[in-house]
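[1] Have a look at this prediction, sequence included:
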Amino acid sequence: MSATLLSQVERGVTDPSLATLRRLAGVFGESVVALFAEEPDRAVTISRPGERSILRGPHGRVGYERLTRGDGRLEVLRGVLRPGEATSEQPWGHASQECAFVVAGTLTAELDGVAYTVHNGEAITFDSRTPHRYLNASDATVEFLVSVTPPVP
């Protein structure tokens, strides 16, 4: 990337391509989303039921309730799967670190074709580049929290 291009982007003379944004984010060790974020707000945020946004991933079949404000650094989501449901048809990966904590029920985490059973009160942590998805193979609803850093843009 040339100094001229950077100068043009800084001055608003040209709009960077997605590839350029990804390169810039990599240089700063940030996500592409973070490049558009305002100066971090140091205020406390309270996430209340009924006021949270619902996120669906590109391969998702379930809506996640966003518990964090989505500032590009950490994403904490709440998921609920009814018996037989899965978060996606096929496992998929993304460049993040992920931790899933089971609040109620029993969750099956499928990582690279291997099924891991995660019970109430347990957590599973893994490199999200590993193709993965979550399933409910039980006969009861499962509630779980997923923390992802950095968030998937």
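    Structure received. Numbers count the residues shown, from 1 in each chain.
[2] What pairs with the host helix or strand of Cys99, parallel or antiparallel?
    Cys99 is located in strand 97-104, with elements delineated by DSSP states H and E. Strand pairing for strand 97-104, determined by DSSP bridges: strand 123-127 (antiparallel), strand 142-149 (antiparallel).
[3] So which of the ones you listed is nearest Ala104?
    Ala104 lies closest, by CB to CB, to one member of the strands paired with strand 97-104: strand 142-149, at 4.4 Å. C-beta coordinates here come from the backbone N, C-alpha and C atoms, glycine included.
[4] Need the contact partners of the stretch of helix or strand Thr4 belongs to.
    Taking DSSP H and E as the criterion, Thr4 maps to helix 3-11. By CB atoms under 8 Å, 6 or more residues apart in numbering, the residues outside helix 3-11 that reach it are Val13, Thr14, Asp15, Pro16, Thr20.
[5] now the residues you listed in CSV, with distance to Leu6 and secondary structure?
    As requested, the contacts of helix 3-11 are exported to CSV (distance: CB to CB, whole Å; DSSP: H, G, I helix; E, B strand; the rest coil):
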residue, distance to Leu6, secondary structure
Val13, 11, coil
Thr14, 10, coil
Asp15, 13, coil
Pro16, 9, coil
Thr20, 9, helix
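[6] Mind checking which of those residues are buried?
    Pro16 (16 or more other CB atoms under 10 Å).
[7] The closest residue to Gly84 other than its chain neighbours and Pro83: what is the separation?
    Leaving aside its sequence neighbours, Gly84 sits nearest to Asn136 (CB to CB, 6 or more residues apart in numbering; 6.6 Å). Here the distance between Asn136 and Pro83 works out to 6 Å (CB to CB, to the nearest Å).
[8] Hmm, Leu135 and Pro91 touching each other?
    No - contact criterion CB atoms under 8 Å: Pro91 and Leu135 do not qualify, at 10.0 Å.
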